[in-house]
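**Student:** below is the sequence, then the predicted model.
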Amino acid sequence: MDLAEYSDEELLEAGREAVKREQWPRAKEFLSAYAERHAARGEETPASGLASYALCLAHDKELKRGLELARKAQHADPRNAHIYWCMAQIHLLARSRKDAIDTVERGLRAAPDNFLLLRMRKRLGVRQPPPLPFLDRRHALNVRLGRIMHKIKGNAPSLLPA
């Protein structure tokens, strides 16, 4: 496939479409051409396209580089919900659920009504407060009480009023 005949916008759109379909090698092909064109012209790659490319890299076992590019994109455009979504996906690939949840929460502060981030937060779940909030959530009492309460009630709300 000759990518030279594609415009920048067509490369980005084709790459994003491949990301939606989870066709990672195809997405990486389009988005790397997109990023290379910008670099060849001495321009910064637009943040949203850079985040999509970072996600492709992460799926291609280049987690460190993908996370690095996603952070660069997030600093360039801190209000873009798509970037937070990509970064959260990368954290999940790196098996860091906590970082993914934190990233989704930061993204929702920037874009509170973003459908993708809301759906991801629901899928990841929201942690309940620890049963004894004055102790660390990893404290043995909190862990045991939380497990007991979860078995009894299905969730672990705080014993003390917040």
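**Tutor:** Now that the structure is in, tell me what you want to look at.
**Student:** which SSE is residue 104 in?
**Tutor:** helix 97-110 (DSSP states H and E).
**Student:** what sits up against the helix or strand following that helix?
**Tutor:** Going down the chain from helix 97-110, the next helix or strand is helix 115-124, by DSSP H and E. Helix 115-124 is contacted by residues 81-82, 84-85, 88, 97, 100-101, 104-105, 107-108, 111 when judged by Cβ atoms under 8 Å, 6 or more residues apart in numbering. Backbone N, C-alpha and C define where each C-beta goes, glycine included.
**Student:** kindly export helix 115-124 (C-alpha atoms) in PDB.
**Tutor:** Extracted in PDB, the C-alpha atoms of helix 115-124 (Å, rounded to 0.1, in the frame of the first residue of the first chain):
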ATOM      1  CA  PHE A 115     -18.700   9.100  26.700                       C
ATOM      2  CA  LEU A 116     -15.600   7.000  26.300                       C
ATOM      3  CA  LEU A 117     -14.100   8.000  29.600                       C
ATOM      4  CA  LEU A 118     -17.400   7.500  31.400                       C
ATOM      5  CA  ARG A 119     -17.800   4.000  29.900                       C
ATOM      6  CA  MET A 120     -14.200   3.100  30.800                       C
ATOM      7  CA  ARG A 121     -14.700   4.300  34.400                       C
ATOM      8  CA  LYS A 122     -17.800   2.100  34.700                       C
ATOM      9  CA  ARG A 123     -15.900  -0.900  33.200                       C
ATOM     10  CA  LEU A 124     -13.000  -0.400  35.500                       C
END
